[in-house]
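Enquirer: Sequence and predicted structure, then a few things I'm wondering about:
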Amino acid sequence: MAAAARDMRYHGRQAVNGSLAYDLDYAVRERELRHAGEAPKAREKAKVHTAPKVLVRERQYVSVLAVMSVAAVMALALLVLMNYVQLTLLSAETVELQGQLKELEAENESLTAQYQRMFDMASVKEAAEAAGMAKPSSTQMGRLDMSAGDSAVAYRQKEPGLFGRIFTSLHGGVYAVVEYFD
């Protein structure tokens, strides 16, 4: 019977029976045909693996570098958050200062208009008359005669003696040293 099974196979690859698709069960059929007349072998008993009742996970160690890098990231995140808080405070302060600027510009315009009204010659004349001021009369005015030439008197100091010059130079040197160290 084994010989008959071997003869059923095609000896050449040129013959095609049916389709040209790949035969995925070819190796299984060939093995069955080779062992067709043999007695079945005793099957080996399947090995059963039992898992322990309690699974204990090994203790994992945390590296110092990982802890330091997490701390650094947290510190940087905190710095970014603090900078955003400062930016928000500065923005609020800027808005407040812009409001004050608008108020001060309006006040400046009103004060400028008031200043220009005060220096109107008619209003100045009215204010002077109201205060009792009047133009000076000819008797109140005096004349200065500049026809005579100018003159000036210069007095000469006495030249200091030898000890005076030494004392003056020592005083200047000591003063320069004290000024240098101050």
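Expert: Right, received. Where do you want to start?

Enquirer: Gln114 - how many residues pack around it?
Expert: Other residues near Gln114 number 9, with proximity taken as other Cβ atoms under 10 Å. Using the backbone N, CA and C atoms, a C-beta is placed for each residue, glycine as well.

Enquirer: ditto for Leu33
Expert: The local packing of Leu33 (other Cβ under 10 Å) involves 14 other residues.

Enquirer: Can you classify it as helix, strand or coil?
Expert: Here Leu33 takes the helix state, with states given by DSSP: H, G, I helix; E, B strand; the rest coil.

Enquirer: Can you tell me how far it is from Tyr26?
Expert: Taking Cβ to Cβ, to the nearest Å as the measure, Leu33 falls 11 Å from Tyr26.

Enquirer: What average pLDDT does the longest helix along the chain get?
Expert: Among all segments of the chain classified by DSSP state H, the helix with the greatest residue count is helix 64-118. In this model, helix 64-118 carries a mean pLDDT of 94.

Enquirer: and the helix or strand following it, what does it pack onto?
Expert: Once the chain leaves helix 64-118, the next helix or strand it forms, by DSSP states H and E, is helix 121-130. The contact analysis (3 or more Cβ pairs under 8 Å, 6 or more residues apart in numbering; DSSP states H and E) places helix 121-130 against no helix or strand.

Enquirer: Can you name the residues in contact with the helix or strand following helix 121-130?
Expert: Per DSSP H and E, helix 121-130 leads on to helix 162-181 as the next helix or strand towards the C-terminus. Taking contacts as Cβ atoms under 8 Å, 6 or more residues apart in numbering, the residues outside helix 162-181 that touch it are Pro160.
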